[in-house]
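*Asks:* structure of the sequence below:
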Amino acid sequence: MGEREWIHKDKLILRGLQFHGFHGVKDEEKKLGQKFVVDVDAWLDLSTAGETDDLADTVSYTHIYRIVKEVVEGPSQNLLESVAHLIANKTLLKFPQVSAVRVKVEKPHVAVLGVIDYLGIEICRHRKLEKTEPL
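*Replies:* Now for the predicted structure:
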């Protein structure tokens with residue numbers, strides 16, 4: 001599969017996961033914490049699970065939810081980029097059947113002058129293809 005073909009495949013979808021975390025550059029963010037909202041897409045082949053109706057043939061949503069919870073409620077990071085990177089890497093490491101993951105991290109309560117829904121970031125990471133030696 002080419003590096004970008006994963007975007008058109010099956011995926012698990014987790015939306016609006018909310019946690020209290022202590023991420024940010026400002027001292028107040030690290031002391032008081034704030035709400036973070038996370039969305040995750042995890043691309044993998046779901047055809048076998050669709051045929052067998054067996055949880056063993058897929059990745060449980062709750063396992064990915066636990067990764068997000070562990071990272072967001074875990075040690076403080078300065079940047080949302082780091083939070084998202086940790087979630088993506090842990091997901092790809094724990095589940096070899098996941099070919100790619102998209103992580104969106106939102107901060108809905110940011111001290112800015114103006115009206116906003118949230119500020120945040122979104123990253124996409126995919127499993128690197130292993131190169132084989134020519135015969």
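*Asks:* the helix ranked longest in the chain - contacts with which helices or strands?
*Replies:* Taking DSSP state H as the criterion, the chain has its longest helix at helix 80-94. For helix 80-94, the elements it packs on are strand 34-43, helix 61-72, strand 100-107, strand 119-126, judged by 3 or more C-beta pairs under 8 Å, 6 or more residues apart in numbering; DSSP states H and E. C-beta here means a position set from N, CA and C on the backbone, and glycine is covered the same way.
*Asks:* just give the closest residue to the residue most central in space within the chain, not the sequence neighbours.
*Replies:* Taking C-alpha atoms, centre = their mean, the centroid of the chain lies closest to residue 103, which sits 3.5 Å from it. Nearest residue to residue 103 in three dimensions, chain neighbours excluded: residue 84, at 4.2 Å (C-beta to C-beta, 6 or more residues apart in numbering).
*Asks:* wait, the one you found sits on residue 106?
*Replies:* No: using C-beta atoms under 8 Å, residue 84 is not in contact with residue 106; the gap is 10.5 Å.
*Asks:* neighbour count winner among these two?
*Replies:* residue 84 (26 against 19; other C-beta atoms under 10 Å).
*Asks:* ok, back up a step: who's in contact with the residue nearest to residue 103?
*Replies:* 103-105, 121-123 (C-beta atoms under 8 Å, 6 or more residues apart in numbering).
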